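**Q** the following block contains a protein sequence and its predicted model.
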Amino acid sequence: MGSHEIHADLILPPYHHTPFATVPELARLNSVAFMAPSKTFNMPSLAASHTLIFNEKLLQQFVICLEAGEIDAGHVFAFDSVAAAYNNGEEWLDYRALEMSHDEQIRFFADEAGLVLNDGASFGKEGMGFMRLNVATPRSVLEKAMS
């Protein structure tokens, strides 16, 4: 993907997001995009935010500020974790095939399976039937949850 080819789909199809930096050159050269996988991929402790700056002069000024504050480097786990999240991340767990009402799903996972999942409905009606499982737990707990 070239530096001018930035595309992002919102998680709620059929909508499409057009980043400001992809419109005319003047806009691209006067934009700064701050991004972080921490919420999307449940990686808050990795401190892996990043910035897209296409204007070389603006980039140099930004780097000077980062270096002055000694906040210009991530830690050893951040880089590979971000790459893995963006390259290998998958969709949320889709439970619509269970043919349960939303409330039945919540009760089933909490009462029967002993799981407290992030409810997709908290992101709007399009999230109904989807759940998010935090896998920051021992493998034995995760295996039990998945079975």
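**A** Here it is on my side, so go on. Given the structure is predicted, the values throughout are model-derived calculations rather than measurements. Residues are numbered from 1 along each chain as shown.
**Q** residues in contact with the helix or strand that Q61 is a member of: which ones?
**A** Per DSSP states H and E: Q61 is located in helix 56-68. Residues from elsewhere that reach helix 56-68 (C-beta atoms under 8 Å, 6 or more residues apart in numbering): L29, N30, V32, T51, I53, D72. Heads up, the C-betas are built off the backbone N, CA and C, glycines and all.
**Q** how much space separates the residue nearest the centre of the chain from E25?
**A** The centroid of the chain falls nearest to T40 when counting by C-alpha atoms, centre = their mean (2.3 Å). Between T40 and E25 the distance is 29 Å, computed by C-beta to C-beta, to the nearest Å.
**Q** coming back round to it: report the mean per-residue pLDDT for the helix holding Q61.
**A** Helix 56-68 carries an average pLDDT of 94.
**Q** hey, C-alpha coordinates of it in PDB?
**A** C-alpha atoms of helix 56-68 as PDB (Å, rounded to 0.1, in the frame of the first residue of the first chain):
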ATOM      1  CA  GLU A  56       8.200  16.300   6.300                       C
ATOM      2  CA  LYS A  57       8.600  19.700   8.100                       C
ATOM      3  CA  LEU A  58       5.700  19.000  10.500                       C
ATOM      4  CA  LEU A  59       7.100  15.500  11.100                       C
ATOM      5  CA  GLN A  60      10.500  16.900  12.000                       C
ATOM      6  CA  GLN A  61       8.900  19.400  14.500                       C
ATOM      7  CA  PHE A  62       6.900  16.600  16.000                       C
ATOM      8  CA  VAL A  63       9.900  14.300  16.400                       C
ATOM      9  CA  ILE A  64      11.800  17.100  18.200                       C
ATOM     10  CA  CYS A  65       9.000  17.500  20.700                       C
ATOM     11  CA  LEU A  66       8.800  13.700  21.300                       C
ATOM     12  CA  GLU A  67      12.600  13.500  21.800                       C
ATOM     13  CA  ALA A  68      12.600  16.500  24.100                       C
END
